[in-house]
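> Any chance you could fold what I've pasted below:
(chains A and B)
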Amino acid sequence: AQSVTQLGSHVSVSEGALVLLRCNYSSSVPPYLFWYVQYPNQGLQLLLKYTSAATLVKGINGFEAEFKKSETSFHLTKPSAHMSDAAEYFCAVSASRMNRDDKIIFGKGTRLHILP
Amino acid sequence: GAGVSQSPSNKVTEKGKDVELRCDPISGHTALYWYRQSLGQGLEFLIYFQGNSAPDKSGLPSDRFSAERTGGSVSTLTIQRTQQEDSAVYLCASSKHNEQFFGPGTRLTVL
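Just a heads-up that it's a prediction; the model follows:
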């Protein structure tokens, strides 16, 4: 079974500061891991995904995440926050399966606030 | 190209009535997912389909909820005898190669 824990339902950072959103996962099999973003009044879109290739994954809008098996973590970072980054961010996990997509389980989300 | 579409976009119903929510996935996507999003609750997994079969129905909250998928394409989520706690945004997604594409959702309000 898979599960995801996102630490902090709300995170506030100053514009230009480092963004760090924390995600820890639990999986009984090697996982695939994802970060999704939901801007206000918009649908969810994929930021980045880890599918057992490089452990440091780069996504859209300057975000990246590092898969750390020893820590069962997949934290999301961005070196310098922009006002436009204000949104809700969801971490998600699925089991890695050959030849088919599996069930994807989402965390409860972290709302990112950017302070001017 | 066309993305995932859902209908209706909004549905207001009275407690005790049945509702049907529809999802049209992206053509060629074999996996289809239903989630429920409530304020502060994140995305709650309901059910997913591989083709027309549902390997995992564990997220359906009660036997009032059911879903089907026909022709490996369109899916319908049915909620019978709706309750006020069913009010939420119901999201559908389809995927290929482990990348999910989400629809805009159906906002269900049960009065």
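> Do you know the pLDDT at the closest residue to residue B:101 other than its chain neighbours?
Spatial nearest neighbour of residue B:101, chain neighbours left out: residue B:4 (5.4 Å); criterion: Cβ to Cβ, 6 or more residues apart in numbering or on different chains. The way it works is simple: take the backbone N, C-alpha and C, and place the C-beta from them, glycine included. Per-residue confidence for residue B:4 comes out at a pLDDT of 95.
> I figured residue B:30 was touching residue B:96, is that so?
Yes: using Cβ atoms under 8 Å, residue B:30 makes contact with residue B:96 at a distance of 6.9 Å.
> what residues are shared contacts of these two?
residue A:101 (Cβ atoms under 8 Å, 6 or more residues apart in numbering or on different chains).
> if I look at residue B:19, how far off is chain A?
Look at residue B:19 and chain A: by Cβ to the nearest Cβ, to the nearest Å, they are 21 Å apart.
> partners of the residue most central in space within chain A in the sheet?
In chain A, the residue lying closest to the centroid (Cα atoms, centre = their mean) is residue A:35, at 3.1 Å. On the basis of DSSP bridges, residue A:35 is bridged to residue A:48, residue A:91.
> I'd say it and residue A:90 touch.
Yes: judged on Cβ under 8 Å, residue A:35 makes contact with residue A:90 at a distance of 7.1 Å.
> quick one: low-confidence ranges for chain A?
A:98-99 (pLDDT under 70).
> Would you mind listing what in it touches chain B?
A:9, A:32, A:34, A:36, A:43-46, A:49, A:51, A:90, A:92, A:94, A:100-101, A:103-109 (Cβ under 8 Å from any Cβ of the partner chain).
> Contact partners for the spatially most central residue of chain B?
Residue closest to the average C-alpha location in chain B (Cα atoms, centre = their mean): residue B:34, at 3.7 Å. Residue B:34 sits next to B:23, B:46, B:47, B:48, B:67, B:75, B:77, B:90, B:91, B:92 when contact means Cβ under 8 Å, 6+ apart.
> measure it to residue A:91 for me?
Taking Cβ to Cβ, to the nearest Å as the measure, residue B:34 falls 20 Å from residue A:91.
> before we move on, what about residue B:31?
19 Å.
> And the two? Which one has more around it.
residue A:91 (30 against 22; other Cβ atoms under 10 Å in any protein chain shown).
> Residue ranges in chain B under the pLDDT threshold?
B:1, B:40.
> And the helices in chain B, which stretches?
Applying DSSP state H to chain B gives no helices.
> What parts of it come near chain A?
B:30-31, B:33, B:35, B:40-43, B:45, B:48, B:50, B:55-56, B:91, B:93, B:95-100, B:102-105.
> Run through the bridge partners of the residue nearest to the centre of chain B.
residue B:47, residue B:92.
> are any of the residues of chain A next to chain B buried, and which?
With burial judged by 16 or more other Cβ atoms under 10 Å in any protein chain shown, the buried subset of these is A:32, A:34, A:36, A:43-44, A:46, A:49, A:51, A:90, A:92, A:94, A:101, A:103-109.
> Tell me which of those residues fall in strands.
In strands, defined here by DSSP state E, the members of those are A:32, A:34, A:36, A:44, A:46, A:49, A:90, A:92, A:94, A:104, A:105, A:106.
> between the residues you listed, which is nearest residue A:62?
Proximity of those to residue A:62 (Cβ to Cβ) peaks at residue A:46, which lies at 15.0 Å.
> Let me see the contact set for that closest one.
Going by Cβ under 8 Å, 6+ apart, the list of residues near residue A:46 reads A:34, A:35, A:36, A:59, B:99, B:100.
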